[in-house]
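Undergrad: My questions are about this predicted structure, shown below with the sequence.
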Amino acid sequence: REFPQLRAFAYHVLPAVLEKKRRLCDYTIRIWSAGCSTGEEAYSIAILLQEYMELHRPSCRVQVFATDIDSRAIAIARAGLYPASIAADISPERLSRFFVQDPDGTAYRIHKSLRDLLVFSEQDVIKDPPFSKLDLIAIPDFAFGAMENWGAITFRENLLLRYPGITSKSGEGRICEIIS
């Protein structure tokens, strides 16, 4: 997917996270995509990480954890197989670079090398504990309330990237909210 929140991630959040990692001489980036549904946002984050690392050449190990409560959605995300209609939402360059079209033309599959950056699992953010030692948490707005139940969890220098919904009558919302 291509939407304003991911552009903000690519141009503002990702460089800040990688600079912090460089200063700490820590070369593993751990990102959690909570409430990932069928994986579109998680894969988008992985694509942006891949592009950034190729352009700026940091030698980092990437781990993207993507979770959702719905086992069917996680199965779709793990397969990385999406209908051909995704071509309307993805640039032709990214489509040809990160996807392979099925022979019958009805679907696109994420390249295995990109799928290998992600770990998909079922998780109930209300009942299950969060992942630890994360550099960034990306969550859709609907899941944010459930995370508030974690109470004493603090993210310190880590970043929590929240995707808020449209907030104004003009149709313009905040790009993203970064809580540090």
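TA: Here it is on my side, so go on. Numbering: from 1, shown residues only.

Undergrad: What helix or strand is the residue of the chain most remote from its centre located in?
TA: Distance from the C-alpha centroid of the chain, by CA atoms, centre = their mean, peaks at D104 (28.9 Å). For D104, there is no enclosing helix or strand under DSSP states H and E.

Undergrad: For it, give its distance to I139.
TA: Taking CB to CB, to the nearest Å as the measure, D104 falls 35 Å from I139. Any C-beta I mention is one placed from the backbone N, CA and C, and that applies to glycine too.

Undergrad: what number of residues lie near S113?
TA: S113: 10 surrounding residues under other CB atoms under 10 Å.

Undergrad: part of a helix, is it?
TA: Yes: applying DSSP: H, G, I helix; E, B strand; the rest coil, one finds S113 inside a helix.

Undergrad: gap between it and A79?
TA: Remark: distance between S113 and A79 (CB to CB) = 16 Å.

Undergrad: List phi and psi for the spatially most central residue of the chain.
TA: By CA atoms, centre = their mean, the chain has its centre lying nearest to A42, at 3.2 Å. Phi and psi for A42, reported as degrees, to the nearest 10, are phi -60, psi -40.

Undergrad: Pretty sure it sits against V64.
TA: Yes: look at A42 against V64 with CB atoms under 8 Å: they come within range, at 5.9 Å.

Undergrad: Need the overlap of contacts for the two.
TA: Listed as contacting both A42 and V64 by CB atoms under 8 Å, 6 or more residues apart in numbering are S33, L118.

Undergrad: what about the residue nearest to the centre of the chain, distance to G105?
TA: 25 Å.

Undergrad: List the strands paired with the strand or helix carrying I137, with their directions.
TA: Take DSSP H and E as the rule and I137 turns out to sit in strand 136-140. In the sheet, strand 136-140 lines up against strand 28-34 (parallel), strand 159-163 (parallel) (DSSP bridges).

Undergrad: Identify all contacting residues around the first one.
TA: Outside strand 28-34, the residues within contact range by CB under 8 Å, 6+ apart are 17-18, 21, 41-42, 45, 49, 60-67, 123, 125, 130-131, 133-139, 143, 147.

Undergrad: Show the average pLDDT along that strand.
TA: Average pLDDT, strand 28-34: 88.
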